[in-house]
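*Asks:* Need a 3D model of the following:
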Amino acid sequence: MSDDLTPVANFLYEAGTLKHTARTGWWMAGVHTPETVAEHSWRTALIASIIAKLEGADPARAAFLAVWHDSQETRTGDVNHLGKKYVAGETDPRDITADQIANFPEGLAQAVLELVAEYESKETPEAVCARDADKLECMIQGVEYKAQGYENAQRWIDNSRGRIVTKSGQELADAVLETGSLDWLRNALGETKPS
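*Replies:* Down below sits the predicted model:
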């Protein structure tokens, strides 16, 4: 007899709420309709795989960690950095995950709990790469918002860049800062960059 997967199905619906959960810190930069947590997590996972490969870590594991890194925000919403200052006794993401998956089949629950604990511990190369990816994704989003006219995004660009710790992450961040947000499109169309 197989395990009851109804709790997993419920969680998948819960996870879908991240497609509608705005990254609230961007409101302080004047962004009216900021990216969602799900949009952020997707690109973070992609970046994590790249940084991990460059660092000699396991790209799949780093991406896996990044996919789950903000999953707790289905329960808390996206509390921005300033807001966290005022949240009394902020709950550990591991505890939130434990509540979210309390009725998962045991082997699956254990795997998810270990994954979130690994990310939060910041000890494995893959966790470090995933955390750098989180910062780099925020930096890239800031560059894109600044290109759209949100000058206050520079604070997020600078802050995120300063928190990247891996050599590959730092080099990639520098490359991003030297590249225009639409250079990829110009290259794909064979156009030259305007002076």
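*Asks:* From here on, just use CA atoms for contacts and neighbour counts.
*Replies:* Will do.
*Asks:* Next up, phi/psi of T36, please.
*Replies:* Phi and psi for T36, reported as degrees, to the nearest 10, are phi -90, psi 170.
*Asks:* wait, L46 sits on R61?
*Replies:* No - taking contacts as C-alpha atoms under 8 Å, L46 lies outside contact range of R61: 11.4 Å.
*Asks:* I'd guessed A63 sits against A45; true?
*Replies:* Yes - with contacts counted by C-alpha under 8 Å, A63 reaches A45, the gap being 4.3 Å.
*Asks:* overlap in contacts of these two?
*Replies:* Residues touching both A63 and A45 (C-alpha atoms under 8 Å, 6 or more residues apart in numbering): A130.
*Asks:* in this protein, which spans are helices?
*Replies:* With helices called from DSSP state H, the chain shows them at 6-16, 37-55, 59-68, 73-76, 81-84, 93-100, 106-121, 125-147, 154-162, 167-177, 183-189.
*Asks:* Any chance of the ones you listed in TSV with mean neighbour count, mean pLDDT and distance to T24 as columns?
*Replies:* TSV is the format used below for the helices of the chain (neighbours: other C-alpha atoms under 10 Å; pLDDT from 0 to 100; distance: least, C-alpha to C-alpha, whole Å):
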stretch	mean neighbour count	mean pLDDT	distance to T24
helix 6-16	14	97	18
helix 37-55	23	98	9
helix 59-68	24	98	19
helix 73-76	17	92	12
helix 81-84	11	80	9
helix 93-100	18	94	18
helix 106-121	16	96	21
helix 125-147	24	98	12
helix 154-162	17	97	13
helix 167-177	17	98	23
helix 183-189	11	94	28
